[in-house]
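>>> Quick one: sequence plus predicted model below, questions after.
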Amino acid sequence: MIRQLTGVVGNVLCCQFSPDSQHLAAADSSLYSGNAVRIWYVLDGTLQRSLVHSNEVLSVAYSPNGQYLASGTGGRDCTIYLWNPANGALLKTINPRVGGSITSVAFSPDGQYIATGITDNTIRIWRVSDGSLLRTLRGHSNRVNAVAFSPNGQYLASGSDDNTVRVWRVSDWLQIHNLTGHANIVRAVAFSPDSQYLASGSGDTTIRIWRVDTGGIVTTLYGHIDHVTSLAFSPDGTHLASASQDPSIKIWRVSNWSLRTTLADHDDSVTSIAFSPNGQYLASASVDDTIRLWRVSDWSSERTLYGHSNDVDGVAFARDSKHLISISKDGSIRVWRASNGQIVKTYEQETGANLRAIQFSPNGRFFAYGRTEALVLARADFGGPEGDVNGDGCVDDADLLMVLFAFGQSGSAIVEDVNGDGTVDDADLLIVLFGFGSGC
């Protein structure tokens, strides 16, 4: 199933699934037809409500528990809106009373706070329960482009055009570190999974590794000869991958920050890198129109995925780690099977459709992407037969055993919940039984 969701009148700048995967919110900005955050019901694609704004919506975020939706606007409005997504009620309107735009919005992991990055060089912290301003964090001397909480919720990092990264302690919102040393704009920031390290990549071609607790510089990683475009820690935290315009990908050992290897098969800038959820593969996207898949066990080249005819701007793995999806300037979205590089599905748009980044739902069953005057929602079945739980293209004993072993479990992110009703039960077992042998 794939559908273009009705109700979009402008450009979709960003979108996000609710934590329970039942709803999809997107920022819809139009110069002539108004600006809104629109919310759709995922299972049938119906537009449930439009949350109208008075200026362009630049960012949108669900709280971790899904009870709140925050949106930030730009231009003269420069306001944070806090909504109840269940009924569309506007709970709070928060106007920082600054001249600038809200570039990013982030909820703390416990859902108590909202952090906003603003082009007036500040970060503002708001209490979710009453919308009150807790603190204005000052220190940057240029626009704040991004804010991110550490996985353990104890720290907030901010990146800016002033070539610095700053770390703030959440308990009292004091700046504990001003991480200086980069000689150009900081292009990428990433916390390690255990929240001990912060990595920053810059236009000065270096990656700097910082201790989050002390702010001390652990090391500076040299080797790239052009802008560092992307950083990613492996799921187990043992390696850091860095991508560059040079074009190469470098793999660094976290244990001693030594260079493990350089992956140099791309012919042009590397735009995006992503580890598979199971940690077995690293995927890279490039301006050379290809995606490359690397085996993490020995960092060898598994395969090159051909099919796009223009820059590949993004790549992401599905939750099953068996499929990956790519988005390109050629106007297409392609789904690939990691095991053999086969194109499973292609969603064609027109060239130059201004496609936006892919978002997977938390339960892995859907993905969404924005494009000019449209938001597209697709079911992530990737063309496999119904009942193919493990995604190998065949409904067999392996799928049956997966359902049996997970029988009785409930939640929003269980792959064995074949029909997506939140519980692994008789209905899922029957789907596998009736489809037994399909695709084999």
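Everything's here; your move.
>>> Sketch out the low-pLDDT regions of the stretch 301-440 of the chain for me.
Scanning the stretch 301-440 of the chain for pLDDT under 70 picks out the ranges 349-384, 391-393, 411-415, 420-421.
>>> how many neighbours does the nearest residue to residue 290 once chain neighbours are set aside have?
In this structure, residue 290 finds its nearest non-sequential neighbour in residue 304, 5.5 Å apart by Cβ to Cβ, 6 or more residues apart in numbering. To be clear about C-beta, it is placed using only N, CA and C from the backbone, and glycine gets the same treatment. Neighbourhood size, residue 304 [other Cβ atoms under 10 Å]: 13.
>>> Now the helix or strand in which residue 304 is found - C-alpha only, PDB.
Secondary structure from DSSP states H and E places residue 304 in strand 300-305. In PDB, the C-alpha atoms belonging to strand 300-305 read as follows (Å, rounded to 0.1, in the frame of the first residue of the first chain):
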ATOM      1  CA  SER A 300      34.700  -5.400   3.500                       C
ATOM      2  CA  SER A 301      32.500  -4.200   0.700                       C
ATOM      3  CA  GLU A 302      29.400  -6.400   0.600                       C
ATOM      4  CA  ARG A 303      28.000  -4.900  -2.600                       C
ATOM      5  CA  THR A 304      27.200  -1.700  -4.600                       C
ATOM      6  CA  LEU A 305      23.600  -0.800  -5.200                       C
END
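>>> what lines up beside it in the sheet?
Here strand 300-305 is paired, per DSSP bridges, with strand 291-295 (antiparallel).
>>> How is this protein partitioned into domains?
Following automatic domain parsing, one finds the domains of the chain at 2-379, 385-440.
>>> Quick check: which of those domains is buried the most?
domain 2-379 (a mean of 19; mean count of other Cβ atoms under 10 Å).
>>> ok, now which ones touch the closest residue to residue 130 other than its chain neighbours?
Leaving aside its sequence neighbours, residue 130 sits nearest to residue 92 (Cβ to Cβ, 6+ apart; 7.7 Å). If you count contacts by Cβ atoms under 8 Å, 6 or more residues apart in numbering, residue 92 has them with 80, 81, 82, 130, 131.
>>> Was I right to think residue 293 contacts residue 340?
No: contact criterion Cβ atoms under 8 Å: residue 293 and residue 340 do not qualify, at 10.4 Å.
>>> Report the set of residues contacting both of these two.
Residues touching both residue 293 and residue 340 (Cβ under 8 Å, 6+ apart): residue 303.
>>> Report the beta-bridge partners for the residue nearest to residue 290.
residue 292.
>>> Dig out what residue 244 forms beta bridges with.
residue 228.
>>> That one contacts residue 228, doesn't it?
Yes: at 5.3 Å, residue 244 and residue 228 qualify as touching, with contact defined as Cβ under 8 Å.
>>> Between the two, which contacts overlap?
With Cβ under 8 Å, 6+ apart as the test, residue 244 and residue 228 both reach residue 205.
>>> Out of the contacts of residue 92, which is nearest to residue 344?
Compare each of the contacts of residue 92 with residue 344 using Cβ to Cβ and the shortest gap goes to residue 81, at 38.5 Å.
>>> and the nearest residue to that closest one once chain neighbours are set aside, what pLDDT?
The shortest distance from residue 81 to any non-neighbouring residue, by Cβ to Cβ, 6+ apart, is to residue 71 (4.8 Å). In this model, residue 71 is scored at 71, pLDDT.
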